[in-house]
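Chemist: When you get a sec, could you give me coordinates for this:
(one chain, ligands or ions: 2)
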Amino acid sequence: MNKTWWKEAVIYQIYPRSFMDSNGDGIGDIKGITSRLDYLKYLGVDVLWLSPIYQSPNDDNGYDISDYQAIMDEFGTMEDFDEMLLEAHKRGLRVVMDLVVNHTSDEHKWFMESRKSKDNEYRDYYIWREGKDAQTPPNNWGSCFSGSAWQYDEQTAMYYLHLFSKKQPDLNWDNETVRKEVFDMMTWWCDKGIDGFRMDVISMISKTKEIPDGPVTEFYGDYSPYCIHGPNVHRYLKEMNEKVLSKYDIMTVGETPGVTTEEAKKYAGEDSNELNMVFQFEHVDNHGKYGKWDDKKWQLTKLKNIFTRWQTELYGQAWNSLFWDNHDQPRAVSRFGDDRPEFREVSAKMLATCLHMMQGSPYIYQGEELGMTNYPFQKPEEFRDIESVNAYQEWCLSGEVSHEEFWPCIIARSRDNARTPVQWDASDQAGFTTGTPWIAVNPNYTEINAKAETADPNSVFHYYKKLIALRKENPIMVYGKYEPLMEDSEELFVYTRTLDDQKLLTVCNFTDQEIAFTIPEEFVGKSCLIANMENDYGKKEITLRPYEAFVLI
Ligand code: TEU
Ligand code: CA
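Modeler: Ligands and ions are numbered 1, 2, ... in the order given. Take a look at the predicted model:
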């Protein structure tokens, strides 16, 4: 397997809007990122992935781009960006941008032109179809943000496709001029010296020509069979690789909702000439009675099986990306761990151990290294995210489900859980802003914040720092072969990694119970690489405390 920097990297995701505000307007910005680069260097991460910072009306907080080569007004200027990039590179930090090219904003000049007339030169940049009439779209597909995936446009009495909000019209990738525009823009950013791209819903860029109704799920038809892993997606990505990606020493990670291990080997195969790795979502897509809106926890054997499949089926053929959360997911310790005060820190460290000892490049979402938790939402007016606002409307205000029934489900999964400001210290607004934050700061910032944790060697922060440092010193963490143990256990996640004649054992107790554990013979007497609490790992029979995690090598 060829060794490369992005296989050995730990990537830190920044959601700029909530990371650090430098000018007191309550909105995070690029100068704010620059002011925190030393903190990120101290943590030890290698790459920063910035969620979109381009010009945008912020219908979907920057994932609706109106100018790919200008910086969002609220985030600052291109000079601010150039300074941040230079300062990051000075510290040996690489910067990966978020490439959102499945769709643009409806305020992008391409769409403003496209909607003007049926023969406009930009018409075919987007996906326009006749409906049955002004009230009946071309088919039953639903948008990810509720409602139909088709928006009627009076000017030309036709519908345009938007798999996300109606202000996010899907681009027509079958149009080679669109592909050229995108590749030219990517080249422009690479020539500025960025270090790669995270590619938003890149598995959706090729749609089938035929657009039949999809199987009905909650309220609308499912577009997936016609819009995910479409007929030309790999052809377009090979073209992107040949015309842009292959010309630079950059990293690429595709966000590929719906991807399977088989499909992932096409997107991110060692010799696919497409992308370096992909995000898979099986471990975060445990849908329930209201689709994604569900507060149930995973049955551990099912969760372990997902990770084991990805670890074993990609090994030696494609590269895994590892994450517990991001800006679209609830906070890891609340969802997969236990955010009750007595267990929050130890379970956050257990989750970090479980993920960082697996094969693949680990991603840390801003605040995860602090053990930040979900937000205690009390009422729907506190939501800022279009997905949550629309879902509450579609499920509750429509009368479909009672507030009492739906509320625990939506607050468990709302993307706003991850979008509350990073908690820097115990001062007003957690040191995020001197103004009023665009979204409320989690009231637990007085106990959970970077200032307290960087000063405490036993903090979640220092545990992440140690895990990141271990990766630099132990190639087995990067390149070792994963093998599961105790697959039937509903309490323990246990696996080994093997590289040449070296072997490590990872043991994680996912419960708040004490569990008896027998150290496998070959590991008795081995040294402890890391543990989230004190225990005598030299003995054969030990008792694991709640959320105890340790690694022997
Ligand atoms: O997310 C794509 C995506 O699949 C999301 O709808 C995700 O599955 C869902 O939010 C989980 O609840 C990407 C970006 O990460 C997201 O922030 C954007 O809203 C979306 O694309 C549209 O650009
Ligand atoms: Ca600001």
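Chemist: If we ignore the residues flanking it in sequence, what's nearest the residue in the chain positioned nearest to ligand 1?
Modeler: For the chain and ligand 1, the shortest gap (C-beta to the nearest ligand atom) falls at Y63, measuring 3.4 Å. Every residue, glycine included, has its C-beta placed from N, CA and C. Closest residue to Y63 apart from its sequence neighbours, by C-beta to C-beta, 6 or more residues apart in numbering: V100 at 5.3 Å.
Chemist: How about the contacts made by that neighbour?
Modeler: Taking C-beta atoms under 8 Å, 6 or more residues apart in numbering, we find V100 in contact with 52, 54, 63-65, 200.
Chemist: What of L300?
Modeler: So L300 contacts 489-491, 493, 510 (C-beta under 8 Å, 6+ apart).
Chemist: cool, N232 as well?
Modeler: Contacts of N232 by C-beta under 8 Å, 6+ apart are 173-174, 206.
Chemist: Break this structure down into its domains, please.
Modeler: 1-100+320-377+414-479, 109-161, 481-552 (automatic domain parsing).
Chemist: So the longest one, near ligand 2 or not?
Modeler: Meaning domain 1-100+320-377+414-479. Yes. Domain 1-100+320-377+414-479 is in contact with ligand 2 by C-beta under 5 Å from the ion, via 21, 23, 25, 27, 29.
Chemist: In helices only, show me those.
Modeler: Members of those lying in helices (criterion: DSSP state H): none.
Chemist: Which among the residues you listed count as buried?
Modeler: Among those, those buried by neighbour count (16 or more other C-beta atoms under 10 Å) are 21, 27, 29.
Chemist: for ligand 1, what are the nearby residues on the chain?
Modeler: For the chain, the contact set with ligand 1 under C-beta under 6 Å from any ligand atom comprises 60, 63, 100, 144, 164, 200-201, 255, 257, 292, 327-328, 387, 415.
Chemist: Turn those into a markdown table, including secondary structure and pLDDT.
Modeler: Converted to a markdown table, the residues of the chain next to ligand 1 look like this (DSSP: H, G, I helix; E, B strand; the rest coil; pLDDT from 0 to 100):
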| residue | secondary structure | pLDDT |
| --- | --- | --- |
| D60 | coil | 98 |
| Y63 | coil | 98 |
| V100 | coil | 99 |
| C144 | coil | 97 |
| F164 | coil | 98 |
| D200 | coil | 98 |
| V201 | coil | 98 |
| E255 | strand | 98 |
| P257 | coil | 92 |
| K292 | coil | 95 |
| H327 | coil | 98 |
| D328 | coil | 98 |
| E387 | helix | 98 |
| R415 | helix | 98 |
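Chemist: Ligand 2: which of these is nearest?
Modeler: For these, the closest approach to ligand 2 (C-beta to the ion) belongs to H327, at 17.5 Å.
Chemist: what's near enough to touch the residue of the chain closest to ligand 1?
Modeler: 51-52, 56, 98, 100, 164, 168, 200.
Chemist: tell me the helices in the stretch 101-250 of the chain, going along the chain?
Modeler: 109-114, 176-191, 224-227, 233-243 (DSSP state H, counting those that start in this stretch).
Chemist: For A9, find the nearest of the ones you listed.
Modeler: helix 176-191 (17.9 Å; C-beta to C-beta).
Chemist: And the contacts of that closest one?
Modeler: Residues contacting helix 176-191 (C-beta under 8 Å, 6+ apart): 68-69, 97, 99, 101, 110, 124-125, 171-173, 197, 236, 239-240, 243-245, 247-248, 250.
Chemist: Would you show me how to pick out the buried ones of these in ChimeraX?
Modeler: Buried subset of the contacts of helix 176-191, written as a ChimeraX selection, criterion 16+ other C-beta under 10 Å:
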select :68,97,99,101,110,125,171,172,173,197,236,239,240,243,244,245,248,250
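Chemist: In strands, which of the contacts of helix 176-191 appear?
Modeler: Counted as lying in strands by DSSP state E, out of the contacts of helix 176-191, are 68-69, 97, 99, 197.
Chemist: tell me the two of the residues you listed that are most distant?
Modeler: Among these, Q69 and F197 lie farthest apart (C-beta to C-beta), at 14.4 Å.
Chemist: Flag the shaky bits of the stretch 351-500 of the chain, pLDDT-wise.
Modeler: Across the stretch 351-500 of the chain, nothing is flagged by pLDDT under 70.
Chemist: can you map out the strands along it?
Modeler: 361-365, 481-485, 492-499 (DSSP state E, counting those that start in this stretch).
Chemist: Can you tell me which of these is packed in deepest?
Modeler: Ranked by mean neighbour count, those are led by strand 361-365 with a mean of 24 (mean count of other C-beta atoms under 10 Å).
Chemist: Neighbours of T454, how many?
Modeler: 17 (other C-beta atoms under 10 Å).
Chemist: Please name the residues that touch the residue nearest to it when sequence neighbours are not counted.
Modeler: Among residues not flanking T454 along the chain, F461 sits closest, at 5.8 Å (C-beta to C-beta, 6+ apart). F461 is in contact with 43, 369-370, 450, 453-454, counting by C-beta under 8 Å, 6+ apart.
Chemist: most neighbours, which of those residues?
Modeler: For the contacts of F461, neighbours tallied by other C-beta under 10 Å; top is E369, 28 neighbours.
Chemist: so what's the closest residue to that residue other than its chain neighbours up against?
Modeler: With sequence-adjacent residues excluded and distances taken as C-beta to C-beta, 6+ apart, E369 is closest to Y464, at 4.2 Å. Contact analysis of Y464 by C-beta under 8 Å, 6+ apart lists 43, 352, 364, 368-369.
Chemist: Tell me which of those fall in helices.
Modeler: 43, 352.
Chemist: Quick check: the farthest pair among the contacts of Y464?
Modeler: Of all pairs in those, the most separated under C-beta to C-beta is L43 and A352 at 12.1 Å.
Chemist: got the phi/psi numbers for T34?
Modeler: phi -60, psi -40 (degrees, to the nearest 10).
Chemist: Then G44?
Modeler: phi 110, psi 10.
Chemist: give me the number of residues near the closest residue to it other than its chain neighbours?
Modeler: Closest residue to G44 apart from its sequence neighbours, by C-beta to C-beta, 6+ apart: I468 at 4.0 Å. When counting by other C-beta under 10 Å, one arrives at 21 neighbours for I468.
Chemist: Report the buried residues of stretch 74-94.
Modeler: Buried-residue list, stretch 74-94, by 16+ other C-beta under 10 Å: 74-76, 80-81, 84-85, 88, 93-94.
Chemist: Quick check: whichever residue of the stretch 101-250 of the chain sits closest to ligand 2 vs E453, distance?
Modeler: Nearest residue of the stretch 101-250 of the chain to ligand 2 (C-beta to the ion) works out as S105 at 20.6 Å. From S105 across to E453, the span is 37 Å (C-beta to C-beta, to the nearest Å).
Chemist: Next: Y54.
Modeler: 32 Å.
Chemist: following the strand or helix carrying I542, which helix or strand comes up?
Modeler: Taking DSSP states H and E as the definition, one finds I542 inside strand 541-544. Using DSSP H and E, the helix or strand that follows strand 541-544 towards the C-terminus is strand 549-552.
Chemist: Pairing partners for that next one, with directions?
Modeler: Strand 549-552 pairs in its sheet with strand 502-509 (antiparallel), strand 528-531 (antiparallel), by DSSP bridges.
Chemist: Quick one: residues contacting the residue in the stretch 401-550 of the chain that ligand 2 sits nearest to.
Modeler: Proximity of the stretch 401-550 of the chain to ligand 2 (C-beta to the ion) peaks at T433, 7.1 Å away. Counting by C-beta under 8 Å, 6+ apart, T433 makes contact with 21, 24-27, 421.
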